[in-house]
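Visitor: please find the sequence and the predicted model below.
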Amino acid sequence: MKLFGFDDVQVSTLIEREGPQRKTAELFPAANRERAIVHFREMESFLYQPASDRIFNTYQSFLLRLPGRTILIDTCVGDGKARPPHFAAYPKKPWLDAFVDEGLSFDDIDLVICTHLHVDHVGWNTRLIDGRWEPTFPKARYIFGRVECEYWEDQVNKGHDLAGRIWADSCLPLIRSGRAELVEMDADLGGGVRLSPAPGHTPGMVCVNVSSAGGRRVVFAADVLHHPIQCREPGWSTCFCEDPVQAAATRRDLLEEIADTDVIIVPEHVPFPTAGQIESDGDRFRYRFPFPWWREADATGAVCRVP
């Protein structure tokens, strides 16, 4: 599904799962309930479900089309892998269907960039073929952060079960086969694509920055921002952040950098239409969906109605 396009940049989303998932305090342990409700009242209705106090959350990959290159950013949870039930007990066909709807085959992907190695960002890296985990995208080069890989390899060596499964089926086969390239957190990938460090959620997480021929910038922000409420409360890190304090500092730095500019931010877990721009508001920020299609997702044009 197309998100946006301008100059020589085209961006689509491949959604694996979307809907209300965790409650506010579950996802954001530092959240203040009353303050959260005030913020939700100002937001679009597809971001929060008041009746259940559940945050809308998305697992998605981003398809980036540039001149001469087709790039996939993050690969969701994937299928057929030993994962906890909440990652396995939902259909994965929507992601495959979304890929086909883009008119592509797996052979058409030139580059796969994994912003970090959490379970919902690396799953479609590989598929089980004849009892072996093989690259899903046979002609692609896979980009992993060196710092990120060192961290998760250390977790595996310490006996972290889920990390071990992810490492064994979605990362290590690519490293051993020479298909994965380990890069620094500020690597320049050429053609207007570069990485920038975004530590905190994980030690080696990166953002993917894309510059168009016309000088516009897009930041694929990975999990720096899980939900627009973190613009109102930059200090609210998620329960999944390895270092919540560093994650909050990274988030504020990015928001301050791009606020009141034409930079488009594309966070991984914000529901469709996902892409936004940041406005400053004193020491807080606002997340704006600058394109018209969010009104199609919410035909009333209403913001969240929180009792």
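Guide: Looks like it came in fine. Everything quoted here is computed from the prediction, not taken from an experiment. Residues are numbered from 1 along each chain as shown.
Visitor: residue ranges with poor pLDDT in the stretch 1-150 of the chain?
Guide: Within the stretch 1-150 of the chain, no stretch has pLDDT under 70.
Visitor: can you list the weak-confidence ranges in the stretch 151-300 of the chain?
Guide: Across the stretch 151-300 of the chain, residues meeting the criterion (pLDDT under 70) sit at 291-300.
Visitor: just the strands in it please.
Guide: 180-183, 188-190, 193-197, 206-211, 217-222, 264-267, 277-281, 284-288 (DSSP state E, counting those that start in this stretch).
Visitor: the ones you listed: which one's closest to R35?
Guide: Checking the strands of the stretch 151-300 of the chain against R35 by Cβ to Cβ gives strand 284-288 as the closest, at 11.1 Å. Every C-beta, even on glycine, is put in place using the N, C-alpha and C of the backbone.
Visitor: from the chain's centre, how far out does that closest one sit?
Guide: Averaged C-alpha coordinates place strand 284-288 at 18 Å from its chain's average position (Cα atoms, centre = their mean, to the nearest Å).
Visitor: got the buried residues for it?
Guide: Applying a neighbour-count criterion of 16 or more other Cβ atoms under 10 Å, one finds F285, R286, Y287 buried in strand 284-288.
Visitor: which single one of the residues you listed is nearest to L3?
Guide: Of all those, the one with the least separation from L3 (Cβ to Cβ) is Y287, at 15.0 Å.
Visitor: now the closest one: how far from P228?
Guide: Applying Cβ to Cβ, to the nearest Å, one obtains 4 Å for the distance of Y287 from P228.
Visitor: overlap of the contact sets of those two?
Guide: Counting by Cβ atoms under 8 Å, 6 or more residues apart in numbering, the common neighbours of Y287 and P228 are V270, G276.
Visitor: R127 pairs with what?
Guide: Beta-bridge pairing of R127, defined through DSSP bridges, involves E134.
Visitor: which residues in the stretch 1-150 of the chain form strands?
Guide: Taking DSSP E, counting those that start in this stretch as the criterion, the stretch 1-150 of the chain carries its strands at 2-6, 9-23, 48-49, 54-66, 69-73, 111-113, 126-129, 132-135, 141-145.
Visitor: closest one to I278 among the ones you listed?
Guide: Go through the strands of the stretch 1-150 of the chain one by one with Cβ to Cβ and the one that ends up closest to I278 is strand 2-6, at 15.7 Å.
Visitor: that closest one pairs with which strands, parallel or anti?
Guide: Looking at strand 2-6 with DSSP bridges, its partner strands are strand 9-23 (antiparallel).
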